[in-house]
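[1] I need the structure of the sequence given here:
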Amino acid sequence: MKILLNKLASQNEIADLVTVLDAHKLFFNVDQSSPVTTISVVGDPQVMTELKLENLEFVERIEPIKVSYKLVSREFRQDDTIVDVNGVKIGGDEPFITMAGPCSVETEAQIFECARIAAEGGAKILRGGAFKPRTSPYAFQGLEELGLKYMRKAADKYHLQVITEVMDEAHLDMVAHYTDIIQVGARNMQNFKLLQAIGKTKMPVALKRGIAGTIDEWLNAAEYIAAEGNMNIIFVERGIRTYETATRNTLDLSAVPVIQKLSHFPIIVDPSHGVGIREFIEPLALASEAVGASGMIVEIHPNPEQAWSDGQQTLNELEFKQMMKKLAVIEEAILKIKEI
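    You can find the predicted model right below:
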């Protein structure tokens, strides 16, 4: 619900109300950006009913939060949530953030080389798969904990943060130990038990859109994480499966402004999985920044032709660095547009 206070509400009364809400373990957000203070509250309906907040003298009226993804919605919080990953800030008016690395961690030398390329190109976060969900059971499935160790060492050497995917609850503690952002892959978008477990970690989490997930389903999946108290969510648009066969997936760039309208959490784009073809990654990356995404996650490799997985959608060093230079130009143009 949204509690709209009257103009006579004092700061002491607002503070006392916040203390009560906190004591009853309710989620709340105070918005004083307009003349009328609004406090959005989400939690146990019985508790909220028993508090009888509508009887307080300084409460003007109470309105419901209509959507099912309450904590994730703009109705709950009007300003942008900035996800802070050890000083790397994602969302709002923060600079466009790039996450880059290989589809899978193959060897120690390979991930160190990827980290070097990522850092020199301007990326702030190293991506890589230690556990790899593959369509075929005979395909390379990842180095598991050894891959996590390699990636952590490489990221630390080049002053990068780490994002990697967790496949199931059994490996959550292990992945959380080595990483800075937990990634939920498309196949797990509606693995609700995993989402709840990740929510309890309070760690930054990148939630990829399911291969056939609607935006409403995606938002509600995020709500499972937020409902456990984790308000460090990053949406990742990675393309959806349509009838089109010319590309691996259909990258839905319209999801960026839609998510930004409906939710306060940031959204980034994955052009590598979104199109699945190397030559189309750069134009879609540029379009992602132009449409207002807070960042992107892209696959790079020292030698994509020899990559153990997804080499066809992976950029080499030259391609990545050229793309990053063009992204810098787009960012300058966007800043000028905002001044108009």
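[2] okay, CA-based contacts and neighbour counts for the rest of this
    Noted.
[3] In three-state terms, label Ile268 for me.
    Classification of Ile268 by DSSP: H, G, I helix; E, B strand; the rest coil places it in strand.
[4] For it, list the residues it contacts.
    Taking CA atoms under 8 Å, 6 or more residues apart in numbering as the contact definition, Ile268 lies against 234-237, 256, 288, 293-297.
[5] Repeat that for Leu148.
    Leu148 neighbours (CA under 8 Å, 6+ apart): 130, 175, 178-179.
[6] element containing it?
    Leu148 belongs to helix 145-157 when assigned by DSSP states H and E.
[7] mind listing what's buried in that helix?
    Buried residues in helix 145-157, counted by 16 or more other CA atoms under 10 Å: 147-155.
[8] Bridged to Ile240, which residues?
    Thr250 (DSSP bridges).
[9] Return the distance of it relative to Gly210.
    Separation of Ile240 from Gly210 (CA to CA, to the nearest Å) stands at 7 Å.
[10] Looking at those two now, which is surrounded by more residues?
    Gly210 (24 against 20; other CA atoms under 10 Å).
[11] Compute the number of surrounding residues for the nearest residue to the more buried one once chain neighbours are set aside.
    With sequence-adjacent residues excluded and distances taken as CA to CA, 6 or more residues apart in numbering, Gly210 is closest to Ala186, at 4.2 Å. By other CA under 10 Å, 20 other residues sit near Ala186.
[12] Enumerate every residue touching Ala186.
    Ala186 sits in contact with 207-211, where contact means CA under 8 Å, 6+ apart.
[13] do Pro35 as well
    Per CA under 8 Å, 6+ apart, neighbours of Pro35: Lys7.
[14] which SS state does it fall under?
    coil.
[15] you'd agree Val291 is up against Leu253?
    Yes - at 7.4 Å, Val291 and Leu253 qualify as touching, with contact defined as CA atoms under 8 Å.
[16] quick one, which of the two is more surrounded?
    More crowded of Val291 and Leu253, by other CA under 10 Å: Leu253, with 20 against 15.
[17] Chain neighbours aside, what residue packs nearest to that one?
    Nearest to Leu253 is Ser288, by CA to CA, 6+ apart, at 6.8 Å.
[18] so how far is Glu106 from that neighbour?
    29 Å.
[19] What segments of the stretch 151-300 of the chain are helices?
    172-178, 192-201, 215-226, 255-262, 271-275, 278-290 (DSSP state H, counting those that start in this stretch).
[20] for the last one, what is the average pLDDT?
    By that I understand helix 278-290. Mean pLDDT, helix 278-290: 98.
[21] do you know how far the residue positioned nearest the centre of the chain is from Pro137?
    Centroid-nearest residue in the chain, with CA atoms, centre = their mean: Ile234, separated by 1.4 Å. For Ile234, the distance to Pro137 equals 30 Å [CA to CA].
[22] Check Ser33 too.
    53 Å.
[23] What of Gln312?
    20 Å.
[24] between these two, which one's more packed in?
    Gln312 (15 against 8).
[25] Quick one: residues contacting the more buried one.
    Shown in contact with Gln312 (CA under 8 Å, 6+ apart): 276-278, 304-305.
[26] Of those - the most surrounded one?
    Counting by other CA under 10 Å, top hit in these: Gly276 with 22 neighbours.
[27] Stretch 31-39 spans what distance, first to last residue?
    6 Å.
[28] before we move on, the earlier item: from the contacts of Gln312, which is closest to Gln196?
    Nearest to Gln196 among the contacts of Gln312 is Gly276, at 30.2 Å by CA to CA.
[29] Isn't the closest one up against Asn249?
    Yes - counting by CA under 8 Å, Asn249 is a contact partner of Gly276 at 6.9 Å.
[30] What separation do you get for the closest residue to Ala221 other than its chain neighbours and Asn220?
    Closest residue to Ala221 apart from its sequence neighbours, by CA to CA, 6+ apart: Gln190 at 6.0 Å. Remark: distance between Gln190 and Asn220 (CA to CA) = 9 Å.
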